[in-house]
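Trainee: fold the following for me, if possible:
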Amino acid sequence: MTPAFFTEIARQGDRPALILPGGGGLTFAGLAAQADAFAAQLPGDKGLLALEFASEPAAIIAYLAALRAGHAVLAMPPDAPEVLAGAEARFQPDWVYARVGGEWVLRPGRAPGGRVHPDLALVLLTSGSTGAGKAVRISAAALAANAAQIATGLALQAEDRAALVLPLHYSYGLSVLNSQLAVGGSVWLHPGSVQRHGFGPAMASAGCTIFAGVPHSYRLLERVAELPPLRMMTVAGGRMEPEAVTRWARHQAKAGGQFVVMYGQTEATARMAILPPDLVLDHPDAVGRAVPGGTLRLRDDKGREITAPGLTGRLIYQGPNVMMGYAFDRADLARGAELAELDTDDLAERDAAGLFRIKGRAGRFSKIGGVRLGHDALEAALASHGLSAAVFGDDRQVTVVHEPVPAGLSDAELQALVLRLAGLGRSHLTCRAVSALPRLPSGKVDYAALRQAPGVAPKGLGQAMRDCFYPHPVGPRDSFERLGGDSLRHVEMTLVLERSLGHVPEGWERLTLAELEALQTPTTSRPRGGRVRVGMEAVIRALAILAVVVQHQTDWPVWGGAAAMIILMGWSLARFQLPALVAADWGRVFRPLLRVLVPYYLVVGVYALVYGQVPWVSVLLLGTFGVTEQETHQMLPYLYWFVEVWVQMIAVIALAFAVPPVRRFAGRNPFGFGLIFLVAAVALRIWGLALWNVGARQLFTLPWVFWLCALGWCIATARGRQHWLVLGLIALLMPGAAILGGNWYGGWIKHGGLAVAAVLLLYVPALRLPGPLVRAIVTVAQATFFIYLTHRWVPEGLMPLFLPGLTGPLADLVAILGGIGLGIALAAGQRALLRGRVRLASLTARRHSPPVSL
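Mentor: From the prediction side, this is the model:
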């Protein structure tokens, strides 16, 4: 096994390690000593340090300290407190080291989480400067291996000094630091832009021998006339045009240096391939061969390996630097390595000399009118004509956003050029000019920002997400979980995903809007037939509301529908609202109540008109407290107890989480909190009603049903066999709860059904059912709340007016189907209203806002 560079730094003694912009710096011995001193502030078992990874000695010392002490580091972008807050809520670090008022401060995490896997060393975000989306788990062994691979592949020397101009929270930038430390070399810390006046002389004065940059860095460097001679320049982090590669390779050859093209991904720690510098001029469009100790292969669409040269396939990498896997929250950090190889999702070909060429991303294609258009290929073709552009789209429309047109090319000629290169008709192609393409800190084009820019109409999943969360603003870096989505919105978005993608991606709740929209590619269009995955919670929700409507209309023994929805409420709280509860983000906690209370108070208004008076008890949500009877018209019918208890449960849970020790414990051990919650709620069920007896109406009170909410919480937070066994035993005992309700046979049926629902929710997270059936299930589940609010209006209000003589089974059927249909129609009307308001707001903003330059 490769020795970890971070354990060996003291061996380099007084050799320089970090060179500061103004001169001076730290030796390896000093770096090791300060790292060990910092590590003493991180006591206890292996934990997670969230680090604001600025290009400053303090951050680098903290990074090395955590690694040397056996802890893991969550690398965060500098000067981004909102990103840090979001990541802290998701990953629950044990410590946070960040700048406060310009001073570095180490503090405990607000809600330290659970176990961290012994092998884990680094957690890197994949979403640029956001705290949402997937994170990559990297082991200490992978970190050390890739540093050694790069050092060997580039023949780095202890005398080398690299200019560190890339962000350290970005895998490429961090790899520059790691590989230099691995050979006893040094880095010059330069936090500013390469465009800054005097950058070239400053780099020369610092004694730099290596410059590492992304293609955009080199475009900026071309404006720096005083660039000093360098032993080596490297490029990675995206495709550099062959003409630019050739130009820089010749520049280096004249200066007696080398120009090296590299290829990598965060999922491979950093680098996967290196193009030997002596081959660059002959193969400027290649990324080279695998780094030492790694292997690159190609596979076709059927998973078969491609061995013949010149054929295109999916690029697969295998090596010791492959990540452990992805992470979405703290629980994922306890998992071990899950990958033996990495599917890069890039398309590539290998030539007869064994050199690989990247042809594009597997999903970056559109197919319109039988024409298959590669977005990357079109960008490259436009670049060959001197036009810097970004291309994105789907199977209906392709958008080309470009920087100012080169001199001598008119707008009409540009349009003709794009149409010719794309091979598409004008109706399928949109061109738009911007002053400069927006870029991420890594230098890559920010496609998410382009999709949201004025002039690009939001559509598809993006529009659906905005409709779903209106009036709360939704940006490309927001995720369903980060926005505080609830169970009703979850069902709504599930339906949209199934319609848009043909399936519901695993973990989609944690993906950013930009990442979800990226899934809308030709290869993920909705299938015309076959089976579709649907979450068990949607199935149970649809069956539960159906049971409610049927039981309210007939004598059929289908009790427990509302109780099942209480279980789902607890499940939803734990699954979607736990980060907000732990972070004490009360806005996110209570925001979902708006979707409950606004329709509820509209219903209250309808009853007020019918009653001729305001039902104040229901307005104040006190109907379940037994202060009046429904016959007084001071409250709504007992049917609406569910809404009142819903609000009461959220209020009680929020009150518990207002206590910091409770938040910290629930963040570290959400399942343990759930068990305590369940025990307390069962105790409340047994003894609470004795203290406050409201008679037969006790069935509609919080003490009667709160334990079901706690059970749902436990199901959502269960992880591993032990948790599942505990809940399986509880489910076996659940029918016995009928004894507490008077040992009525209906109670045994009800709690037996609830036990089945709990087992299904726990052990069968999803089903694959015929597409039409799934759409029916999700449509009903999506409208659950409106169905619950209004289903009795059909038999009690509409049927007496329009079908006064209808009785018997046919009347029951009309009442049931009518109640469900009315709820579905109202839910659809609400969505249409929200869509209209979103689009009106967007149109108004565009009319009254000045043009925005990107």
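
Trainee: what score does the closest residue to F700 other than its chain neighbours have for pLDDT?
Mentor: In space, F700 comes closest to W641 once its chain neighbours are excluded; the distance is 3.5 Å by Cβ to Cβ, 6 or more residues apart in numbering. Heads up, the C-betas are built off the backbone N, CA and C, glycines and all. Taken from the predicted model, the pLDDT recorded for W641 is 94.

Trainee: what does G363 give?
Mentor: We have a pLDDT of 67 for G363.

Trainee: and for E341, the neighbour number?
Mentor: Here the neighbour count serves as a burial measure; for E341 (other Cβ atoms under 10 Å) it reads 12.

Trainee: would you list every one of the helices in the stretch 501-650 of the chain?
Mentor: The residue ranges that make up the helices of the stretch 501-650 of the chain, judged by DSSP state H, counting those that start in this stretch, are 513-518, 536-553, 561-572, 578-582, 586-590, 593-611, 616-619, 641-657.

Trainee: the second one - contacts with which helices or strands?
Mentor: Helices and strands touching helix 536-553, by 3 or more Cβ pairs under 8 Å, 6 or more residues apart in numbering; DSSP states H and E, are helix 487-501, helix 561-572, helix 745-763, strand 766-770, helix 771-782, helix 784-790, helix 808-848.

Trainee: now those as CSV including distance to P476?
Mentor: As requested, these are exported to CSV (distance: least, Cβ to Cβ, whole Å):
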stretch, distance to P476
helix 487-501, 16
helix 561-572, 25
helix 745-763, 32
strand 766-770, 27
helix 771-782, 24
helix 784-790, 29
helix 808-848, 15
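
Trainee: reformat the ones you listed as a markdown table; add mean pLDDT and mean neighbour count.
Mentor: Below are these laid out as a markdown table (pLDDT from 0 to 100; neighbours: other Cβ atoms under 10 Å):
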| stretch | mean pLDDT | mean neighbour count |
| --- | --- | --- |
| helix 487-501 | 71 | 22 |
| helix 561-572 | 94 | 25 |
| helix 745-763 | 88 | 19 |
| strand 766-770 | 83 | 14 |
| helix 771-782 | 87 | 20 |
| helix 784-790 | 95 | 23 |
| helix 808-848 | 76 | 15 |
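
Trainee: and of these, who's closest to P93?
Mentor: helix 561-572 (25.7 Å; Cβ to Cβ).

Trainee: hey, where'd the helices end up in the stretch 201-350 of the chain?
Mentor: Using DSSP H, counting those that start in this stretch, the helices of the stretch 201-350 of the chain run over 215-221, 242-254.

Trainee: which of those sits most buried?
Mentor: Ranked by mean neighbour count, the helices of the stretch 201-350 of the chain are led by helix 215-221 with a mean of 19 (mean count of other Cβ atoms under 10 Å).

Trainee: next one: it to chain centre, how far?
Mentor: Mean-position distance between helix 215-221 and its chain equals 30 Å (Cα atoms, centre = their mean, to the nearest Å).

Trainee: ok, residues contacting that helix?
Mentor: In this structure, residues lying in contact with helix 215-221 by Cβ atoms under 8 Å, 6 or more residues apart in numbering are 165-166, 193-195, 211, 213, 227, 235, 237-241, 244, 248, 439, 443-444.

Trainee: can you rerun that using 6 Å?
Mentor: If you take Cβ atoms under 6 Å, 6 or more residues apart in numbering as the criterion, helix 215-221 is touched by 194-195, 238, 240, 443.

Trainee: which of the residues you listed ranks first by neighbour count?
Mentor: The most crowded member of those is M240, carrying 24 neighbours; neighbours defined as other Cβ under 10 Å.

Trainee: returning to that earlier point: and the helices of the stretch 201-350 of the chain, which one is worst for confidence?
Mentor: helix 215-221 (a mean of 85).

Trainee: only alpha carbons, please: show that helix as CSV.
Mentor: Listed in CSV are the C-alpha atoms of helix 215-221, where the atom choice follows Å, rounded to 0.1, in the frame of the first residue of the first chain:
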residue,chain,number,x,y,z
PRO,A,215,-8.9,25.3,-20.0
HIS,A,216,-10.5,28.6,-18.9
SER,A,217,-7.3,29.4,-16.9
TYR,A,218,-5.3,29.2,-20.1
ARG,A,219,-7.7,31.4,-22.0
LEU,A,220,-7.1,34.0,-19.2
LEU,A,221,-3.3,33.4,-19.3
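
Trainee: tell me how many other residues crowd A716.
Mentor: 23.

Trainee: surely it meets Q577?
Mentor: No: at 10.1 Å, A716 and Q577 do not qualify as touching, with contact defined as Cβ atoms under 6 Å.

Trainee: list the buried residues of stretch 17-25.
Mentor: Neighbour-count burial for stretch 17-25, with 16 or more other Cβ atoms under 10 Å as criterion, is recorded at 17-19, 25.

Trainee: name the nearest of those residues relative to V694.
Mentor: The closest of the buried residues of stretch 17-25 to V694 turns out to be L18 (Cβ to Cβ; 69.9 Å).

Trainee: other SSEs contacting the helix or strand hosting the closest one?
Mentor: Following DSSP states H and E, one finds L18 within strand 16-19. For strand 16-19, the packing partners by 3 or more Cβ pairs under 6 Å, 6 or more residues apart in numbering; DSSP states H and E come out as strand 25-27, strand 186-189.

Trainee: separation between the residue lying closest to I787 once chain neighbours are set aside and Q553?
Mentor: Taking Cβ to Cβ, 6+ apart, and ignoring the residues beside it in sequence, I787 has G823 as its nearest neighbour in space, at 2.9 Å. Separation of G823 from Q553 (Cβ to Cβ, to the nearest Å): 14 Å.

Trainee: where does pLDDT dip in the stretch 201-350 of the chain?
Mentor: Low-confidence segments of the stretch 201-350 of the chain, defined by pLDDT under 70, span residues 224-225.

Trainee: one more time with 90
Mentor: Along the stretch 201-350 of the chain, segments meeting pLDDT under 90 span 201, 214-227, 237-241, 300-303, 328-329, 331, 340, 345-347.

Trainee: same question for the stretch 551-700 of the chain.
Mentor: Low-confidence segments of the stretch 551-700 of the chain, defined by pLDDT under 90: 555, 557, 572, 575-580, 582-596, 624-631, 638-639, 664, 667-668, 685-700.

Trainee: for V778, which of the helices of the stretch 201-350 of the chain is the nearest?
Mentor: helix 215-221 (43.0 Å).
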